[in-house]
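Peer 1: Coordinates for the following, if possible.
(one chain, ligands or ions: 1)
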Amino acid sequence: MADLSINIAGLQFKNPVTTASGTFGYGDEFTEFIDLGRLGGIFVKAVTGKNRNGNAYPRMAETPSGMLNSVGLQNKGVDHFCREIYPKIMNFDTHIIVNVSGSTVEEYVEVAERINELEKVPAIELNISCPNVKLGGMAFGTVPSMATEVTAAVRKVYKKVLMVKLSPNVTSITDLAKAVADGGADVITLINTLLGMSIDAEQRRPVLSTITGGLSGPAIKPVALRMVWQVHKAVNIPIVGLGGIMNATDAIEFILAGASAIQVGTANFIDPMISVKIVDGIEDYLNSHQIGSLPELVGALRTE
Ligand code: SIN
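Peer 2: Okay, here's the model as predicted:
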């Protein structure tokens, strides 16, 4: 039997399959569908310094092969997370990784500092890539100097595994990857959503209240694969890949491109059991290709 476990920046994952922030709640909503202990990890919904009500409705739209969202980082703030949510999820038999979001460097630092105190959270994912907020979010993730600055500021206070989630809405993804590596990131997660829009021709109006939103789902997979592959060649830190992963074959493609682990996002809305099916599918692939352990496959794309 193949060994699916993998060590990422010193953190041991039982397998490479995790769920993407904002698509899996805090995990507890999924316990009636799957055994969370079968997953490598859960990236829980974004946490900011204070309560955020999110953007006005409508803030979701279906598109061919994809989904647009403009949720706007809705959450009840870091105090609420630490007091009410953490005690309910801290004993899940999988890694709980918190997506840390903010509007200013100070807010990112404040949230990261609070999450650092939570014993059962071994890592954070610094979200400098949300396209749906007026302040912060993607603004930090599209300018290399700002990406370095916020990563370095969080690095000073956050003592565990620091992952940084990159935006695809840039000209050179490798410049951003190098910028966060320079700031002290341990791991890069990519990609967040692509900025898009949808129009109702009858109404002559945008479908989303915010006009634009973030595109996810199978439509973005080729872009995500290309970026994972480029970053894997450019930067010597582990990658967690995401963007349109719908099945185990998609996940294997990301691993071949250079991802040490993957996140399942939009697919959770279609099939709440998909993440565990992907674990099984990766295991079948390794067994049928006589690959003894997952790290042998990371970045094993043949290009010559
Ligand atoms: C949102 O809450 O608007 C989506 C989060 C993100 O894209 O990072």
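Peer 1: Now do the nearest residue to F254 once chain neighbours are set aside, the pLDDT please.
Peer 2: Using CB to CB, 6 or more residues apart in numbering and skipping the chain neighbours, the partner closest in space to F254 is G241 (3.8 Å). Bear in mind the C-beta positions are built from the backbone N, C-alpha and C, glycine included. Turning to G241, the model gives it a pLDDT of 99.
Peer 1: Was I right to think G241 contacts L190?
Peer 2: Yes: here G241 lies in contact with L190, judged by CB atoms under 8 Å, at a distance of 6.7 Å.
Peer 1: which of the two has more neighbours?
Peer 2: Neighbour totals were compared for G241 and L190, and G241 leads with 29 against 26 (other CB atoms under 10 Å).
Peer 1: Give me every residue in the stretch 151-300 of the chain that's in contact range of the ligand.
Peer 2: Residues of the stretch 151-300 of the chain found near the ligand (CB under 6 Å from any ligand atom) are N192, T193, G214.
Peer 1: Is the residue in the stretch 201-304 of the chain that the ligand sits nearest to bridged to anything, and to what?
Peer 2: Residue of the stretch 201-304 of the chain nearest the ligand, by CB to the nearest ligand atom: G214 (4.8 Å). With DSSP bridges as the criterion, G214 is bridged to N69, L195.
Peer 1: Enumerate every residue touching it.
Peer 2: Taking CB atoms under 8 Å, 6 or more residues apart in numbering as the criterion, G214 is in contact with L68, N69, S70, C130, P131, N132, N192, T193, L194, L195, G196.
Peer 1: What count of nearby residues applies to the third one?
Peer 2: Just to be clear, that refers to S70. Residues within reach of S70, counting by other CB under 10 Å, total 26.
Peer 1: Against the ligand, how distant is it?
Peer 2: For S70, the distance to the ligand equals 6 Å [CB to the nearest ligand atom, to the nearest Å].
Peer 1: ranges for the helices of this structure?
Peer 2: For the chain, the helices defined by DSSP state H cover 78-80, 86-89, 105-116, 138-141, 144-157, 173-183, 221-234, 248-257, 267-270, 274-288.
Peer 1: And these: which comes nearest F24?
Peer 2: F24 lies closest, by CB to CB, to one member of the helices of the chain: helix 267-270, at 5.5 Å.
Peer 1: Show residues contacting the closest one.
Peer 2: The contact list for helix 267-270, computed with CB under 8 Å, 6+ apart, reads T19, A20, T23, F24, F30, M67, I245, M246, N247, I274, S275.
Peer 1: Looking at it now, give me its mean pLDDT.
Peer 2: For helix 267-270, mean pLDDT rounds to 98.
Peer 1: quick revisit: shared neighbours of G241 and L190, anything?
Peer 2: Counting by CB under 8 Å, 6+ apart, the shared contacts of G241 and L190 are A224, V228.
Peer 1: What number of neighbouring residues does R38 come out with?
Peer 2: Here the number of neighbours of R38 (other CB under 10 Å) works out to 15.
Peer 1: doesn't M273 make contact with it?
Peer 2: No: the criterion here is CB under 8 Å, and R38 misses it with M273 at 10.1 Å.
Peer 1: Find residues that contact each of the two.
Peer 2: Residues touching both R38 and M273 (CB under 8 Å, 6+ apart): none.
Peer 1: related to what we said a few turns ago, and the residue of the stretch 201-304 of the chain closest to the ligand, how far is that from A46?
Peer 2: 12 Å (CB to CB, to the nearest Å).
Peer 1: can you list residues touching both of those two?
Peer 2: Both G214 and A46 are contacted by C130, under the criterion CB under 8 Å, 6+ apart.
Peer 1: ok, back up a step: can you check which of the helices of the chain gets nearest to T210?
Peer 2: helix 138-141 (12.8 Å).
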